[in-house]
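Peer 1: here's a sequence, model it:
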Amino acid sequence: MPVIHVIASDKMKPTIDFILVYEPQNAHCAETIETILNTDCVNQLFLIAGNSDAAQDAQAVTTQNAKRCSVLQTDNVNGTKFLRLIAPKLEAKFTLFYLSSHDLKLGYRAIERLLQTAGYHADNFADNDPNSALMLYSDRYDSNGLHPTIDYQTGSLRDDFDFGSLQLIRTSAIRHFLNNGRSPRYRFAGLYALRLFISSKGGNSAFTRTALQRNRNRLACFRTKAV
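Peer 2: Residues are numbered from 1 along each chain as shown. Reported below is the predicted structural model:
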């Protein structure tokens, strides 16, 4: 693992905890980690390793950045067990998930721009303001060019609708989902169930899609073909 160079800065208050699946074989892995750790609004980065070898490799990153970067090992990021694993460790107002094994290269100020969009909405989970979003997602670029996601609308119940792999969710919404009295337990549908829970709390207005119109305005770029 290459050395990750972190530039100290206090320009923006840390507001995001980033959850990133660690795939050392991906071409932009080290670059993506460095970009995340050099982003002022990121409070901490969790590298999710799928096995002991990946966890050991990722440990080199946490050694260099022990205060802001740590490793969690799990063989399943799709269940509610994974959400319960990370929830007690979350400190920031927002949690940014990237749980795909595809290579990720963030566009210019991608994280800040997602947060800027989220900043226009009320912070209270129970807020009934129609402009209050609990989850944000965006279009992306892959090997075939622009890959737009869909607008969230009534009836978006299926688990194969494409909302992208980079999703910003209010941490309070995650906690409400896990502590809403029903104690949901799903092995492969944790994030899907979370999305349905968010929808039940805020309807279509709970979701904000950050549309992309020009190449220079991209929020995230998948260098490999992503679905």
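Peer 1: sheet-wise, list the partners of the longest strand along the chain with their directions.
Peer 2: Counting by DSSP state E, the longest strand found in the chain is strand 42-49. Sheet partners assigned to strand 42-49 using DSSP bridges are listed as strand 16-21 (parallel), strand 69-73 (parallel).
Peer 1: any chance you could list what contacts that strand?
Peer 2: Identification of contacts with strand 42-49 by C-beta atoms under 8 Å, 6 or more residues apart in numbering yields 14-22, 33, 36-37, 55, 57-58, 61-62, 65, 68-74, 77, 86, 89, 91-92, 99, 111. Where you see a C-beta, it was placed from the backbone N, CA and C, and this is true even at glycine.
Peer 1: any idea of the mean pLDDT for it?
Peer 2: Strand 42-49 comes out with an average pLDDT of 95.
Peer 1: mind listing what's buried in that strand?
Peer 2: With burial defined by 16 or more other C-beta atoms under 10 Å, the residues of strand 42-49 counted as buried are V42, N43, Q44, L45, F46, L47, I48, A49.
Peer 1: as a markdown table, those with distance to G145 would be great.
Peer 2: Converted to a markdown table, the buried residues of strand 42-49 look like this (distance: C-beta to C-beta, whole Å):
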| residue | distance to G145 |
| --- | --- |
| V42 | 28 |
| N43 | 33 |
| Q44 | 33 |
| L45 | 29 |
| F46 | 31 |
| L47 | 29 |
| I48 | 29 |
| A49 | 31 |
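Peer 1: which positions in the host helix or strand of R175 come out as buried?
Peer 2: Using DSSP states H and E, R175 falls within helix 171-178. Across helix 171-178, burial judged by 16+ other C-beta under 10 Å covers T171, S172, A173, I174, H176, F177, L178.
Peer 1: on that earlier part again, which of the buried residues of strand 42-49 sit farthest apart?
Peer 2: N43 and A49 (20.3 Å; C-beta to C-beta).
Peer 1: what sits against the residue lying closest to F46 once chain neighbours are set aside?
Peer 2: Sequence neighbours aside, I19 is the residue nearest to F46 in space, at 5.1 Å (criterion: C-beta to C-beta, 6 or more residues apart in numbering). Counting by C-beta under 8 Å, 6+ apart, I19 makes contact with F46, I48, I86, T95, L96, F97, Y98, L99.
Peer 1: then E31?
Peer 2: Residues near E31 by C-beta under 8 Å, 6+ apart: K105.
Peer 1: from I48, how far out is it?
Peer 2: To I48, E31 is 18 Å away according to C-beta to C-beta, to the nearest Å.
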